[in-house]
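Colleague: Okay, here's the prediction I keep looking at, along with the sequence it came from:
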Amino acid sequence: MHENSGLLFCKYVMPMITEGMKILEIGPDGFPSSYRSLVKIDNIIWDTLDIYESKNLTYSKSDFYHFDIPDNHYDMVFSAQVIEHVSEIWNWLPELARVTKKSGFVVTINPVSWPYHQAPIDCWRIYPEGMKALCKHADLTIQLSKFESLENTHFKRSIPGRSAKWQPKVLNLFFNIVGRIGFPVEKSFDTITIAVKK
């Protein structure tokens, strides 16, 4: 999880999570995942799914486009830094919608400014208009789709790039010095999309 993704999750997603919810996270970064660790509500079910094999996953070695999960099963299906690694996103998003309960939420956070990174492939950078089109195709209603950065708000100007933690040390030092005098500072921009299943 990079900084901006966590900040977007805290601002937009955490207020939606309530006791008793059943949540599926696609592609967790650990056990518990960085996002699950941010949620301080214990009385929720937080299941996980990924394409590799692990006894820590609820759904291990899953197919990209056909999850072994019943229809209308989760209150929220969440993914962050995953959709860019899925080649057929037009087939993937409807599968997320299928396992979401009616009036439930499909939430994605995807990087827009990050450089190419294979895991195992890297295919897409999607702005809000692209997410709106994908959600319409998946029969989801957009509640929010926003291209935003919440990092380094103390600097006046910014350019899309990587989070400070992931920049080379010399570049990060440079930005910290020149950013104070108004030079644009590199920071991560992501698209967060919250969609509701009809």
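Modeller: Thanks, I have the structure now. Bear in mind the structure is a predicted one, so any value in this text is a computation, not a measurement. Numbers count the residues shown, from 1 in each chain.
Colleague: Find the helix or strand that residue 195 is a member of.
Modeller: According to DSSP states H and E, residue 195 maps onto strand 190-197.
Colleague: Residue 138 versus residue 69, what's the distance?
Modeller: Residue 69 is 16 Å from residue 138, where distance means CB to CB, to the nearest Å. Yep, even glycine has a C-beta here, placed from its N, CA and C like the rest.
Colleague: actually residue 164, not the one I wrote
Modeller: As defined by CB to CB, residue 164 lies at a distance of 34 Å from residue 138.
Colleague: Tell me which of those two has more neighbours.
Modeller: Between residue 164 and residue 138, residue 138 has the larger neighbour count (other CB atoms under 10 Å), namely 21 against 18.
Colleague: for that one, phi and psi?
Modeller: Backbone geometry at residue 138, expressed as degrees, to the nearest 10, gives phi -90, psi 10.
Colleague: Would you agree it is in contact with residue 91?
Modeller: No - contact criterion CB atoms under 8 Å: residue 138 and residue 91 do not qualify, at 9.6 Å.
Colleague: pull the longest strand from this structure.
Modeller: strand 100-111 (DSSP state E).
Colleague: Mind checking what helix or strand follows that strand in sequence?
Modeller: helix 128-137.
Colleague: what about residue 191, neighbour count?
Modeller: Using other CB under 10 Å, residue 191 has 22 neighbouring residues.
Colleague: Who does it form a beta bridge with?
Modeller: Per DSSP bridges, the residues bridged to residue 191 are residue 110, residue 147.
Colleague: Would you map the helices across this protein?
Modeller: Assigned by DSSP state H, the helices in the chain fall at 3-8, 34-38, 89-98, 128-137, 169-178.
Colleague: who does the shortest one touch, helix- and strand-wise?
Modeller: Using 3 or more CB pairs under 8 Å, 6 or more residues apart in numbering; DSSP states H and E as the contact criterion, the elements in contact with helix 34-38 are helix 3-8.
Colleague: C-alpha coordinates for the helix it packs on, PDB please?
Modeller: This file holds the C-alpha atoms of helix 3-8, laid out as PDB (Å, rounded to 0.1, in the frame of the first residue of the first chain):
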ATOM      1  CA  GLU A   3       0.600   6.500   1.200                       C
ATOM      2  CA  ASN A   4      -2.100   8.000  -1.100                       C
ATOM      3  CA  SER A   5      -4.000   4.800  -1.400                       C
ATOM      4  CA  GLY A   6      -4.200   4.500   2.400                       C
ATOM      5  CA  LEU A   7      -5.200   8.100   2.800                       C
ATOM      6  CA  LEU A   8      -8.000   7.700   0.200                       C
END
